[in-house]
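> my questions concern the predicted model and sequence given below.
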2 protein chains.
Amino acid sequence: MRKLHSVGRVIEESLKFLRLPSVIKVPVTDSLGLYSAEDVYSSFKLPPRPKTVVDGYAVRSRDVEAAGPSTPVVLRKIEGVIRPSSKEEMVLPEGYAAKIETGALLPEGADAVVPIEDVVEKEDRVYIYKRLAQWENVSLPGEEYDTDIRIVGQGERIQPHSVAGLMLEGKETVNVYDFSASILNIGDEIISQTFFRPYTHIFVASWLKTLGVNVSSIDFSPDSVEHIVSWLKKRKEWLTVLIGGTSMGGHDLTVQAINKLEPEYIVHGLALQPGKTACVAVKDGRLILAISGLPVAALSTLEVFFRPLARKLGMQVPLLPTIRAKLTRRISVKMGVIGFARVRVYRENEEYYAEPVMLGGSGALASLLRGNGYVIVPEGVEGYDEGETVEVNLYREVENIGEKNI
Amino acid sequence: MRKLHSVGRVIEESLKFLRLPSVIKVPVTDSLGLYSAEDVYSSFKLPPRPKTVVDGYAVRSRDVEAAGPSTPVVLRKIEGVIRPSSKEEMVLPEGYAAKIETGALLPEGADAVVPIEDVVEKEDRVYIYKRLAQWENVSLPGEEYDTDIRIVGQGERIQPHSVAGLMLEGKETVNVYDFSASILNIGDEIISQTFFRPYTHIFVASWLKTLGVNVSSIDFSPDSVEHIVSWLKKRKEWLTVLIGGTSMGGHDLTVQAINKLEPEYIVHGLALQPGKTACVAVKDGRLILAISGLPVAALSTLEVFFRPLARKLGMQVPLLPTIRAKLTRRISVKMGVIGFARVRVYRENEEYYAEPVMLGGSGALASLLRGNGYVIVPEGVEGYDEGETVEVNLYREVENIGEKNI
């Protein structure tokens, strides 16, 4: 067994060689869930001019200064109604009032709106019984939308509010990172499908997709260094994931193949349990990740190495929700190694408990399906005791969690 | 202003009339993020037979019972190597050892594996210096995958581990809910695009997509009841969202149009701030939701009414992550109304603070872009005081949150 490398250190070292994914332009309407490659700030105000928030009459507030319950001010009515869809611009003369609908822009000169219930309309006159402050019942420019608000930041995952802001700015396209991946599934036993249908590649692809990664190809390879090398040489994606063939003892075909590319950076063996056979390399500024074909070891590498790496690189991939829960049994991990322990969180008497699920068996898809979260045990810690409260990262819901009563 | 209806009550009442979305069959490889319409349990064990977890020699443990450091047991070698890809089945005769690679299934009769480093190989013999327990270095059937594990539950959103499990079960398709929506954007001012490009429909569509809803159409309508009715009559989707035209005072065109369909259930006016003009109806067991064209009022209805409704119906739509933070200013809400208050959470001296962002202005996209979360103030509460700790639902990341040090 070779020396195992500290995951934290490998992240820091990889970052020195990695570059950000290349930048592509996509239509704003297709940008949801992608990662922005630019900061976009708002550039104008809404409403563009003062806007009424009630149905009523637009007036000049000085005209109604003298109004009172027994001393109405009488104003002349402008013909017609100003609607939100009105396009004509007009000036409100002194001594006049203009009927206006909620959401419409005030005519020039007007600086307040009397609600319809506070006026008496009589032929071409309106009687106003209450004085108004300037800008009363009016939304001023900038109140709904203003300049210099960050609509989306570089590296931020584009969400509904950002899509709305980009649309409002009149943008047709937005620059995003081409956060793409290709996957190679390696192994004669994968090709021959000896005793089960292979699925780790689909698991890894699905996991990457939930992060917004565009998985552009999934291929298969026999246990052949030449085959792997020739596939690797054709890659254009930012991330390449090789699954299987990483055994640290016997045939580390995958590692041999990566070495043939003469990467800028390569380490084989992470201080991570499970997931220690992973190999991390950087070639031409792009990441190559060789991970175990065993699903839990693969997930451990993705969660403990890849997710934080992507975040430190500046791609704001989401974090899993966390919950604090009491351990029902001890979790033990070798000193100097990060532990990735699957647990099942459940609720009993208003308290959350985390039950470790099969600490051995890195191949155990069963442990992922039986559990709903994982606990990371840091390098310097040998484990957590029964009864200790730990932070659990949840990938599946705790039953009956979060049913908010309204 | 008409009577406002309690959101909780409207949820309970709607549930009496709503039916679940219809069920469709999709390929497992396209099922990620959709909602399962069935419970799927695992049906077999892995490994199917005992499997070695080390490279070494498969033996019968009784054959090596007498082995010790100075009294090796000598076994005859079977020719060849058993690999994970090997398909031939063989029986290990007594007194024999078979070379085997990690991950391969044991030959019949063998019940332990001596690690390669613990044997001495000499021509067609192997010398074993240590006794072994039965099943030592062996993974037994069921350890990696077992029968009766829930791969996915009815109403559960399909995630990577469930896709993996379905693949492993050899399933080509899975039954999911046709959780679909169509959107109609209503208003002469939307069509005329008076002073800004409409965007609330895209905001709503994006929000629904992040929940895994299939938004199959987005259309526009002028302020015309006939037009809206004829569009509504063509709907096949489980959810119909009408945006705009819900004003409780003036022309509630949308509500008039929905009434013409003679729905089983309809209420207009929710005790929700902002979002009070929303109209909720059920027609033929499907949901019709008429919401404000103002983005924050629309979001308030979606978050406070739709998300919990969908969950209570049995569609396990995800909850937003939450964080507890101290209010920097008071949030006030009218008694008897649920408040949907936008806040910006930030970190200072290891403490989280929530700053209310523009409590007025339901039209304020600015408040969504300036903030990163919202606080729900329940019906029976008039608000929260400055300095009070509140639970914030986060829709955007708090800067520097969750950078776990490894």
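Perfect, I can see it now.
> next helix or strand past the worst-scoring helix or strand of chain A on mean pLDDT?
Least confident helix or strand of chain A, by mean pLDDT, DSSP states H and E, is helix A:188-192 with a mean of 68. The helix or strand immediately downstream of helix A:188-192 is helix A:200-210, counting by DSSP states H and E.
> after that following helix, next one along is what?
Next along the chain from helix A:200-210, counting by DSSP H and E, comes strand A:214-221.
> got the CA positions of that next one in CSV?
Extracted C-alpha coordinates of strand A:214-221, given in CSV (Å, rounded to 0.1, in the frame of the first residue of the first chain):
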residue,chain,number,x,y,z
ASN,A,214,-23.6,18.6,-18.2
VAL,A,215,-22.7,14.9,-18.6
SER,A,216,-22.0,14.7,-22.3
SER,A,217,-20.8,11.2,-22.7
ILE,A,218,-20.7,7.8,-20.9
ASP,A,219,-18.5,5.1,-22.4
PHE,A,220,-17.2,1.7,-21.6
SER,A,221,-13.7,0.3,-21.7
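> end to end on stretch A:270-279, go ahead and measure it.
Stretch A:270-279 has an end-to-end distance of 8 Å (criterion: C-alpha to C-alpha, to the nearest Å).
> ok, stretch A:75-93 next?
End-to-end distance (C-alpha to C-alpha), stretch A:75-93: 10 Å.
> what's that stretch in contact with?
With C-beta atoms under 8 Å, 6 or more residues apart in numbering or on different chains as the test, stretch A:75-93 has contacts from A:57-60, A:63-64, A:95-110, A:121, A:124-126, A:128, B:187-189, B:191-192, B:194. All C-beta spots, glycine's among them, are computed from the backbone N, C-alpha and C.
> hmm, try it at 6 Å
Outside stretch A:75-93, the residues that touch it by C-beta atoms under 6 Å, 6 or more residues apart in numbering or on different chains are A:96-101, A:103-104, A:107-110, A:124, A:126, B:188-189, B:192, B:194.
> do stretch A:272-291 as well
A:4, A:7, A:10, A:14, A:17-19, A:238-243, A:246, A:248, A:254-255, A:258, A:261, A:263-268, A:270, A:292, A:296-298, A:300-301, A:304, A:333, A:337-339, A:362.
> please indicate which of the residues you listed are buried?
A:4, A:7, A:10, A:14, A:17-18, A:238-243, A:246, A:254-255, A:258, A:261, A:263, A:265-268, A:270, A:292, A:296-298, A:300-301, A:304, A:333, A:337-339, A:362 (16 or more other C-beta atoms under 10 Å in any protein chain shown).
> got the CA coordinates for stretch A:244-263 in CSV?
Extracted C-alpha coordinates of stretch A:244-263, given in CSV (Å, rounded to 0.1, in the frame of the first residue of the first chain):
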residue,chain,number,x,y,z
GLY,A,244,-13.0,1.3,-11.8
GLY,A,245,-9.5,-0.1,-12.3
THR,A,246,-8.0,2.0,-9.5
SER,A,247,-7.0,-0.8,-7.2
MET,A,248,-3.9,0.3,-5.3
GLY,A,249,-2.5,-3.2,-5.2
GLY,A,250,-3.0,-5.1,-8.4
HIS,A,251,-3.7,-3.6,-11.8
ASP,A,252,-4.1,0.1,-11.5
LEU,A,253,-4.7,0.3,-15.2
THR,A,254,-6.5,3.6,-14.9
VAL,A,255,-3.6,5.2,-13.1
GLN,A,256,-1.1,3.9,-15.6
ALA,A,257,-3.3,5.3,-18.4
ILE,A,258,-3.5,8.8,-16.8
ASN,A,259,0.3,8.8,-16.3
LYS,A,260,0.8,8.2,-20.0
LEU,A,261,-0.9,11.6,-20.6
GLU,A,262,1.9,13.3,-18.6
PRO,A,263,-0.5,15.3,-16.4
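> please compute how far that stretch lies from its chain's middle.
33 Å (C-alpha atoms, centre = their mean, to the nearest Å).
> give me the below-cutoff pLDDT ranges for the stretch 101-250 of chain A.
For the stretch 101-250 of chain A, residues meeting the criterion pLDDT under 70 lie at A:189-196, A:246-250.
> all strands in it, in order from the N-terminus.
A:112-115, A:119-122, A:125-128, A:138-139, A:150-152, A:173-177, A:180-186, A:214-221, A:239-243 (DSSP state E, counting those that start in this stretch).
> could you dump those into a markdown table with distance to chain B added?
What follows is the strands of the stretch 101-250 of chain A, written out as a markdown table (distance: least, C-beta to the nearest C-beta, whole Å):
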| stretch | distance to chain B |
| --- | --- |
| strand A:112-115 | 10 |
| strand A:119-122 | 15 |
| strand A:125-128 | 18 |
| strand A:138-139 | 7 |
| strand A:150-152 | 6 |
| strand A:173-177 | 13 |
| strand A:180-186 | 12 |
| strand A:214-221 | 10 |
| strand A:239-243 | 12 |
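> ok, which of the ones you listed comes nearest residue B:29?
strand A:214-221 (9.7 Å; C-beta to C-beta).
> so residue A:298 belongs to a helix, correct?
Yes: Residue A:298: assigned to a helix according to DSSP: H, G, I helix; E, B strand; the rest coil.
> quick one on the thing from earlier: inside helices: which ones of the buried ones among the contacts of stretch A:272-291?
Assignment to helices by DSSP state H places the following of these there: A:7, A:10, A:14, A:17, A:254-255, A:258, A:296-298, A:300-301.
> of all those, which two lie farthest apart?
Going by C-beta to C-beta, the pair spanning these furthest: A:17 and A:296, at 28.1 Å.
> ok so, going back, list only those of the contacts of stretch A:75-93 flagged as buried.
Among these, the ones that count as buried by 16+ other C-beta under 10 Å are A:96-101, A:103-104, A:107, A:109-110, A:126, B:188-189, B:194.
> quick check: residue A:55 touching residue A:102?
Yes: the pair residue A:55 and residue A:102 qualifies as a contact (C-beta atoms under 6 Å) at a distance of 5.2 Å.
> dump the residue contacts of residue A:391.
For residue A:391, counting by C-beta under 6 Å, 6+ apart, the contacting residues are A:322, A:324.
> any buried residues in the helix or strand encompassing it, and which?
Per DSSP H and E, residue A:391 falls inside strand A:389-394. Buried residues in strand A:389-394, counted by 16+ other C-beta under 10 Å: A:390, A:392-394.
> pipe those into TSV and attach pLDDT and distance to chain B per row.
Listed next are the buried residues of strand A:389-394 as TSV, based on pLDDT from 0 to 100; distance: C-beta to the nearest C-beta, whole Å:
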residue	pLDDT	distance to chain B
A:390	97	13
A:392	97	13
A:393	96	9
A:394	95	10
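> residues contacting the residue nearest the centre of chain A?
Nearest to the geometric centre of chain A sits residue A:157, at 4.3 Å (C-alpha atoms, centre = their mean). Residues near residue A:157 by C-beta under 6 Å, 6+ apart: A:35, A:316.
> for residue A:333, same thing?
Residues counted as contacts of residue A:333 (C-beta under 6 Å, 6+ apart) are A:273, A:339, A:377, A:383.
> cutoff 7 Å now
A:273, A:339, A:377, A:382-383 (C-beta atoms under 7 Å, 6 or more residues apart in numbering or on different chains).
> cool, and residue A:393?
Contacts for residue A:393 (C-beta under 7 Å, 6+ apart) come out as A:320, A:322, A:373-374.
> mind picking the two most distant members of the residues you listed?
A:322 and A:374 (10.4 Å).
> what about those two, which has more around it?
residue A:374 (25 against 15; other C-beta atoms under 10 Å in any protein chain shown).
> what angle do the host helix or strand of the more buried one and strand A:389-394 make?
In this structure, residue A:374 is located in strand A:373-377 according to DSSP H and E. Angle of strand A:373-377 versus strand A:389-394, following axes from the mean of the first three to the mean of the last three C-alpha atoms, to 10 degrees, is 130 degrees.
> returning to that earlier point: make a markdown table from the strands of the stretch 101-250 of chain A and add distance to residue A:327 to it.
Output for the strands of the stretch 101-250 of chain A, formatted as a markdown table (distance: least, C-beta to C-beta, whole Å):
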| stretch | distance to residue A:327 |
| --- | --- |
| strand A:112-115 | 61 |
| strand A:119-122 | 69 |
| strand A:125-128 | 70 |
| strand A:138-139 | 54 |
| strand A:150-152 | 40 |
| strand A:173-177 | 39 |
| strand A:180-186 | 35 |
| strand A:214-221 | 35 |
| strand A:239-243 | 31 |
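> kind regards, and thank you for your time.
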